[in-house]
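Chemist: Here you go, sequence then predicted model.
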Amino acid sequence: MLDISAYPAAHKVSLAAVPSDADYQRLYRQSIDDPHTFWSEQAQAALNWSRPWKQINAFDSATGHTLWFMGAQLNVSHNCIDRHLDLRGEHTAIIWESDDPEESLRISYRQLHRYVCRLANALKARGIGKGDRVCIYLPMVPEALYAMLACSRIGAVHTVVFNESSAEALRDRLLDADCHTLITADESVAAGKHHPLKLQADQALLECPAVKTVLVVERTGGRIDWVAGRDYWFHEVLRLAPEDCPAEPMNAEDPLFILYTSGSTGKPKGVVHSTGGYLLQTAMTFKTVFDYHEDEVFWCTADIGWITGQSYIVYGPLANGATTLIYEGIPDYPNAERYWQIVDRHQVNILYTAPTILRSLMREGPRFLQESARTSLRILGSVGEPIDPEAWEWYFNAVGLQRCPIIDTWWQTETGAIMLSPSVSSQQLKPGCAMQPFYGVQPVLLDDDGEEIHGPGAGALVIKGSWPSQLRALHGDTEGMTTRYFQPHPGYYFTGDGARRDADGDWWLTGRIDDVITLSSQRLGAAEIESALLLHPNIAEAAVVGYPDPDKGQGIYAFVTPMNGVSADEDLHQELLTLVSTQIGRFARPAWLQFAPALPKTRSGKIMRRLLRKIASNDLGSLGDISTLADPEVVQALIEARLNT
Ligand code: PRX
């Protein structure tokens, strides 16, 4: 444990939003013992509702179905924009930092209101309304935020697709969510290079005839193909649309967005989030976990294609009238000083980033920190994977100059908002520890038999009860939420993560215990990559596992069995990597691909992934119990091949 009471005092500024430890304990107890009073008070304080609720929550722990703020109405865009206009209309809502270090932009709440209203009207004029799905496939430009907020203003449901996803991945999401509208850009820009986004979108749209409207943001002016009657320039549409657009009152339980994420099957699942509960928990966690003070600049370095971006670039900050910074580029362009230049230039107070980024910047060496002061920083957040002690120490000592607490937040796409985190006011930081649950969150540890572990111990992390920003469904899969999250351990939500609780009752995350790989703080399903590999006609079987990687957290290792008589050569290797790129995106390409004459299986035919993980990790000392292996020679062959790589 690190006692930071003796360190420089900057983080001990007045912690207006942050409860003392005693207050936290009292409020936490109230959130569990008297949820009605707790959530009534919090929801009234945090958001504007146009109609009050009749009941706070109804939850069925057998199916996971949950309803929050039943009967209530509100509008997300009103809460994120309109209600700030009187007092904060001229304050900056969004700072956009371009890939080009010479270019940035500030958008006030009043300007944001104007853009969002115009776009909302433009969408309405094209027949888009409540419940319709709109796909957003955009780089990190302000228009992405306008698009999300315009959807929420009229009750349309957005689904943001990560802009590095392939045309095929985009197509699958457009089809699954049944979108009739796509908002994209001509090109995206990273490290000074242009990438053909519209071209990818056009390819996807060849198989999506239901998409009738495509709005195109002019980011670079690069040459693109145009389909008359379908494609419209975003800025033209905005220019022509009227500015007055009342926010549509929405039921608290109306869906706000669908976000696709990897799971244990080959097909990404569309996690559905609600309007009221989701906005409440993102707004509350933003304020309390990060101790946000008025006029501070908050920078979350995630992409809006992932939940971290949705919750802590867009909804959490804007619901609090905060200034949210978005950065278009990559951490080391033009060099590894870039993040710290951005911090100084825009006087960032709270930085929320991922361990993989910290590790990559740390490895570049201390000289890249020398030119920046970073004195505006007050709080340093981390998310996406366990933060290793080395990265934690560097973040705390070198980046934050021992002045800023590290807030390691654990949560998931499905939880919608932060679930476990240290308190900013704590003087005792434990490097790598996610510490304590947020209000209303009841984490539980289960042993291998599914029994609750009390006191210190390690096991599977599950959650008892519901919380406002819990996922509501998997899109288009009526039973999906129940079978994937509430059936593995009846009565609990299954996170897929392992965890440890120490003697102080604090929580440590130990990584996924299912077949999800966390690569560079991004989540990828092994099954999704396997499905891509199996599309190759010459491949009989594929198994993908994660292995520890010092930079990326985990790397992707694929074991692939070619069809009989097929030569496992370099051409096939390249074709397989290309297949993964085209099906999912370049970021999902395996770092290692080993041709395997056969895969190790139990006598009942199940692939023994545990063994494959050991081989991929080069952890060959003890293979554990292999008595159920159908053919031990298969393992020996794989080990020999691994040793020869
Ligand atoms: O394994 C956990 C890891 O990221 C998973 C969730 O991924 P995703 O839905 O993409 O959301 C990422 C950002 C919220 C979790 O199941 N994870 C996330 N945060 C942490 C973490 N693992 C350890 N410590 C964290 N702080």
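Modeler: Received, thanks. Residues are numbered from 1 along each chain as shown.

Chemist: And the nearest residue to Pro196 once chain neighbours are set aside, its phi and psi?
Modeler: Spatial nearest neighbour of Pro196, chain neighbours left out: Glu187 (5.9 Å); criterion: C-beta to C-beta, 6 or more residues apart in numbering. Yep, even glycine has a C-beta here, placed from its N, CA and C like the rest. Note on Glu187: its backbone torsions stand at phi -150, psi 160 [degrees, to the nearest 10].

Chemist: how close does Glu187 sit to Gly309?
Modeler: Going from Glu187 to Gly309 by C-beta to C-beta, to the nearest Å gives 20 Å.

Chemist: Secondary structure class of Leu105, three-state.
Modeler: Judged by DSSP: H, G, I helix; E, B strand; the rest coil, the three-state class of Leu105 is strand.

Chemist: Pull the contacting residues for it.
Modeler: Counting by C-beta atoms under 8 Å, 6 or more residues apart in numbering, Leu105 touches Ile94, Ile95, Trp96, Ser98, Pro142.

Chemist: Next up, phi/psi of the closest residue to Asp477 other than its chain neighbours, please.
Modeler: Using C-beta to C-beta, 6+ apart and skipping residues adjacent in sequence, the residue nearest Asp477 is Lys269, 6.9 Å away. Dihedral angles phi and psi of Lys269 (degrees, to the nearest 10) take the values phi -110, psi 140.

Chemist: Likewise for the one 3 residues further on?
Modeler: Dihedral angles of Val272 (phi, psi; degrees, to the nearest 10) stand at phi -100, psi 130.

Chemist: what domains does the record give for this structure?
Modeler: For the chain, automatic domain parsing gives the domain ranges 4-499, 520-643.

Chemist: if you compare those domains, which one is most tucked away?
Modeler: domain 4-499 (a mean of 20; mean count of other C-beta atoms under 10 Å).

Chemist: Report how many residues lie close to Ile513.
Modeler: Other residues near Ile513 come to 15 when the count uses other C-beta atoms under 10 Å.

Chemist: Contacts only, for it.
Modeler: Contacts of Ile513 by C-beta under 8 Å, 6+ apart are Ala460, Gly496, Asp497, Gly498.

Chemist: Please, which helix or strand holds the residue of the stretch 201-350 of the chain at minimum distance from the ligand?
Modeler: Closest residue of the stretch 201-350 of the chain to the ligand, C-beta to the nearest ligand atom: Thr308 (4.7 Å). Element membership for Thr308, per DSSP states H and E: helix 307-309.

Chemist: start to end distance for stretch 371-388?
Modeler: 26 Å (C-alpha to C-alpha, to the nearest Å).

Chemist: repeat for stretch 484-491
Modeler: End to end - C-alpha to C-alpha - stretch 484-491 spans 13 Å.

Chemist: centre of the chain versus it, how much separation?
Modeler: 22 Å (C-alpha atoms, centre = their mean, to the nearest Å).

Chemist: how about the residues of this structure near the ligand?
Modeler: 261, 306-308, 383-386, 408-413, 434, 495-497, 509, 512, 518, 523 (C-beta under 6 Å from any ligand atom).

Chemist: what's the average pLDDT for stretch 498-518?
Modeler: The average of the pLDDT scores along stretch 498-518 is 92.

Chemist: Using PDB, write out the CA atom coordinates for that stretch.
Modeler: The C-alpha coordinates for stretch 498-518 follow below in PDB (Å, rounded to 0.1, in the frame of the first residue of the first chain):
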ATOM      1  CA  GLY A 498     -11.500 -13.100 -12.200                       C
ATOM      2  CA  ALA A 499     -10.900 -11.100  -9.000                       C
ATOM      3  CA  ARG A 500      -9.300 -11.200  -5.600                       C
ATOM      4  CA  ARG A 501     -10.500  -9.500  -2.400                       C
ATOM      5  CA  ASP A 502      -7.900  -8.600   0.100                       C
ATOM      6  CA  ALA A 503      -8.000  -8.500   3.900                       C
ATOM      7  CA  ASP A 504      -9.200  -4.900   3.700                       C
ATOM      8  CA  GLY A 505     -12.100  -5.900   1.500                       C
ATOM      9  CA  ASP A 506     -10.600  -4.100  -1.500                       C
ATOM     10  CA  TRP A 507     -11.000  -5.600  -5.000                       C
ATOM     11  CA  TRP A 508      -8.200  -6.600  -7.400                       C
ATOM     12  CA  LEU A 509      -9.000  -7.600 -11.000                       C
ATOM     13  CA  THR A 510      -7.000 -10.600 -12.300                       C
ATOM     14  CA  GLY A 511      -8.100 -10.800 -15.900                       C
ATOM     15  CA  ARG A 512     -10.700 -12.600 -18.000                       C
ATOM     16  CA  ILE A 513     -11.600 -16.100 -17.100                       C
ATOM     17  CA  ASP A 514     -13.500 -16.700 -20.400                       C
ATOM     18  CA  ASP A 515     -12.300 -16.700 -24.000                       C
ATOM     19  CA  VAL A 516     -12.100 -12.900 -24.300                       C
ATOM     20  CA  ILE A 517      -8.700 -11.400 -25.000                       C
ATOM     21  CA  THR A 518      -7.800  -7.900 -23.900                       C
END
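
Chemist: Can you tell me what sits against the helix with the most length in the chain?
Modeler: Secondary structure of the chain per DSSP state H: the longest helix is helix 109-125. Defining contact as C-beta under 8 Å, 6+ apart, one finds that helix 109-125 is touched by 77, 81-82, 84-85, 88-94, 107, 134, 142, 145-147, 149-151, 153-154, 156, 181, 215, 234, 237-245, 321.

Chemist: what about 6 Å?
Modeler: Applying C-beta atoms under 6 Å, 6 or more residues apart in numbering, the contact partners of helix 109-125 are 81, 84-85, 88-89, 91, 93, 146, 149-150, 153-154, 237-238, 241-243, 245.

Chemist: What's the mean pLDDT across it?
Modeler: 98.

Chemist: now the angle between strand 104-108 and that helix, please.
Modeler: Per axes from the mean of the first three to the mean of the last three C-alpha atoms, to 10 degrees, the angle that helix 109-125 makes with strand 104-108 is 80 degrees.

Chemist: and the next element down the chain from helix 109-125?
Modeler: Following helix 109-125 in sequence order, the next helix or strand is strand 133-137 (DSSP H and E).

Chemist: Each with direction, which strands does that next one pair with?
Modeler: strand 157-160 (parallel), strand 181-185 (parallel) (DSSP bridges).

Chemist: any chance of these in JSON lines, plus mean pLDDT?
Modeler: Below are these laid out as JSON lines (pLDDT from 0 to 100):
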{"stretch": "strand 157-160", "mean pLDDT": "98"}
{"stretch": "strand 181-185", "mean pLDDT": "98"}
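
Chemist: hmm, back to that, what distance do you get for the residue nearest to Asp477 to Ile224?
Modeler: For Lys269 relative to Ile224 (C-beta to C-beta), the value is 31 Å.

Chemist: for Asp231, same thing?
Modeler: 9 Å.

Chemist: can you give me phi and psi for Gly450?
Modeler: According to degrees, to the nearest 10, Gly450 has phi 80, psi 10.

Chemist: for Gly457, that is, sorry about that
Modeler: phi 160, psi 180.

Chemist: One more: Pro242?
Modeler: Dihedral pair for Pro242: phi -70, psi 160, per degrees, to the nearest 10.

Chemist: Low-confidence regions, this protein specifically.
Modeler: 1-18, 427 (pLDDT under 70).
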